[in-house]
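K.L.:
Provide a 3D model corresponding to the input given below.
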Amino acid sequence: MKILHLDTNHPLLIEQFNAIGFENIEEYTASKSEVEKTIHMYDGLILRSRFTIDKSFLEKAQNLKFIGRLGSGLENIDVDYARDKGIFLAAAPEGNRNAVGEHSLGLLLALFNKLTKANNEVKNGRWDREGNRGTELDGKTVGIIGYGNTGKAFAKKLRGFDIEVICYDIVGGVSDENARQVGIMELEQKSDIISLHVPQTPETLGMINTEFINAFQKPFWLLNTARGKCVVTEDLVTALKSGKILGAGLDVLEYEKASFEDMFSQESLPEAFQFLVDAENVILSPHVAGWTMESKEKLAQTIVDKIKARFS
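P.N.:
Presented below is the predicted three-dimensional model:
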């Protein structure tokens, strides 16, 4: 088996593939068009998000048997066409779920306690205790939308708080000891915090919009560590201005490129993004919720294990 690696990852990936007799070729700088010229030579492909694996690319990958993506989803791959060609697809949501759960909790507590605002003020010589009075999480209801790997990990992190955790998912029977599954009406009625943990699909694109937001009975806080394009930023900004959304912790943004590797490639970014930058009740991070020292190793091991189970 000859494997092409398009992104740098934890060294265990290549080490363990070598150990089972795979030939590993590292190509971290070639353009997509350049890779397309040689992809027919490979049995396997390993990547994170350097470019999209679309139908045109896959048509040239005549001998490809598997694609391993070191991340939680497969949205940068034409999944349907790949499966039609009999290509085994392996993602690694198990590898970074704990990291996402911890990051989500960090965003929530930082928002409730105004930590970024207070930090910036103190470092600039301003000592405003009353203006940085926080809000306690105890007694609140956290609604988790999407109760898979990362949703469950976040719920587990919330167990030490005196709160109610509910979850909403299109799949039935996903509740566990950490969250009770509810219908959309109960989610809208009870939630003080909404945390998004869904994949990017045609159904989830733009799902957090004005209609969705206004259906909630109470003003709420929004966390998004899933995919940026699931939230309509202009509608989020409108809700922040009106107070319908009390604050937002966003690890992902609608304006990210499909590769997830860089956002600031445009000469000017939308006005709605500038509002998020300036808002004291918004915390932003650069798509790093699942990006820890530990998850780097876990992601690689997860992919190795799935491919070894299938092909060795």
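
K.L.:
show me the helices in the stretch 151-300 of the chain, by range?
P.N.:
184-190, 210-214, 233-242, 271-278, 293-311 (DSSP state H, counting those that start in this stretch).

K.L.:
of those helices, which is nearest I87?
P.N.:
The minimum distance between I87 and the helices of the stretch 151-300 of the chain falls on helix 293-311, with 11.3 Å, by CB to CB. Quick note: C-beta positions are derived from backbone N, CA and C, even for glycine.

K.L.:
could you say what helices and strands that closest one packs with?
P.N.:
On a contact count with 3 or more CB pairs under 8 Å, 6 or more residues apart in numbering; DSSP states H and E, helix 293-311 meets helix 12-19, strand 66-69, strand 88-90, helix 93-112.

K.L.:
make JSON lines from these and add mean neighbour count and distance to N132 to it.
P.N.:
What follows is those, written out as JSON lines (neighbours: other CB atoms under 10 Å; distance: least, CB to CB, whole Å):
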{"stretch": "helix 12-19", "mean neighbour count": "17", "distance to N132": "44"}
{"stretch": "strand 66-69", "mean neighbour count": "24", "distance to N132": "41"}
{"stretch": "strand 88-90", "mean neighbour count": "17", "distance to N132": "45"}
{"stretch": "helix 93-112", "mean neighbour count": "22", "distance to N132": "11"}
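
K.L.:
same list, the ones you listed, but as CSV with distance to D176 and mean pLDDT please.
P.N.:
Listed next are these as CSV, based on distance: least, CB to CB, whole Å; pLDDT from 0 to 100:
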stretch, distance to D176, mean pLDDT
helix 12-19, 30, 97
strand 66-69, 26, 97
strand 88-90, 25, 97
helix 93-112, 14, 97
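
K.L.:
mind putting those in CSV, distance to G173 included?
P.N.:
Output for the helices and strands packed on helix 293-311, formatted as CSV (distance: least, CB to CB, whole Å):
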stretch, distance to G173
helix 12-19, 34
strand 66-69, 27
strand 88-90, 25
helix 93-112, 19
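
K.L.:
those: which one's closest to L299?
P.N.:
Nearest to L299 among the helices and strands packed on helix 293-311 is helix 93-112; the distance by CB to CB comes to 3.6 Å.

K.L.:
how about low-confidence regions in the protein?
P.N.:
Applying pLDDT under 70 to the chain picks out residues 258-267.

K.L.:
and with 50 instead?
P.N.:
Regions of the chain meeting the criterion pLDDT under 50 are absent.

K.L.:
closest one to R97 among the helices of the stretch 151-300 of the chain?
P.N.:
Smallest distance to R97 across the helices of the stretch 151-300 of the chain (CB to CB): 8.6 Å, for helix 293-311.

K.L.:
mind listing what's buried in the closest one?
P.N.:
For helix 293-311, a neighbour-count test (16 or more other CB atoms under 10 Å) marks 295-304, 306-307 as buried.

K.L.:
of all the helices of the stretch 151-300 of the chain, which one is nearest G68?
P.N.:
helix 293-311 (4.2 Å).
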